[in-house]
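Engineer: Next one to model:
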Amino acid sequence: MIFKNDSSASELNGFLDRGSHIEGELRFDTSFRVDGKVTGTVTSRGILIVGESGEIDGKAEVDEVFVSGTVRGAVTARKRIHVAAGGRVYADLSTPALVIEDGAFFEGSCSMDRQPRQDPTPDQTADRGPKLVSKAAQS
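Structural biologist: Down below sits the predicted model:
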């Protein structure tokens, strides 16, 4: 399966090869491919690609994630999560779009919003509750 997106291969920020293990926090800008293992937190406004031998164990918050390997923990994707045939996900997912191919495995929960997730603007965080206006105030 080839992951298609709007970015070119030259926009790949990094690559963690098979046999490598990072423990801690991974941050990147555009896209990052994991064929090794990441234990901890992955944070990005880009695309996370988990290759067939790749493992993510922890929390990921990205725009999109494409899983051919194994993911454990919690994943929040602002745009989409795609689990390819052979991919294994043992995680709680939050995303507006979820694709699980035939032959993939998913165990966990999924919360889906209809709109892509966005970071709140200062105006949205200042007033989160509904406005109540009495009829007496409108007169």
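Engineer: Tell me how many other residues surround S109.
Structural biologist: If you count neighbours by other Cβ atoms under 10 Å, S109 ends up with 10. Using the backbone N, CA and C atoms, a C-beta is placed for each residue, glycine as well.
Engineer: From the centroid of the protein, which residue is nearest?
Structural biologist: Centroid-nearest residue in the chain, with Cα atoms, centre = their mean: A77, separated by 3.1 Å.
Engineer: Hmm, that one is touching V67, no?
Structural biologist: No: counting by Cβ atoms under 8 Å, A77 stays clear of V67, with 10.4 Å between them.
Engineer: how about the strands of this protein, start to end?
Structural biologist: Applying DSSP state E to the chain gives strands spanning 12-16, 21-28, 31-34, 37-44, 47-50, 55-67, 70-83, 88-94, 98-100, 105-107, 110-111.
Engineer: can I get the ones you listed in a markdown table with mean pLDDT?
Structural biologist: Formatted as a markdown table, those follow (pLDDT from 0 to 100):
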| stretch | mean pLDDT |
| --- | --- |
| strand 12-16 | 89 |
| strand 21-28 | 96 |
| strand 31-34 | 96 |
| strand 37-44 | 97 |
| strand 47-50 | 97 |
| strand 55-67 | 98 |
| strand 70-83 | 98 |
| strand 88-94 | 97 |
| strand 98-100 | 97 |
| strand 105-107 | 97 |
| strand 110-111 | 95 |
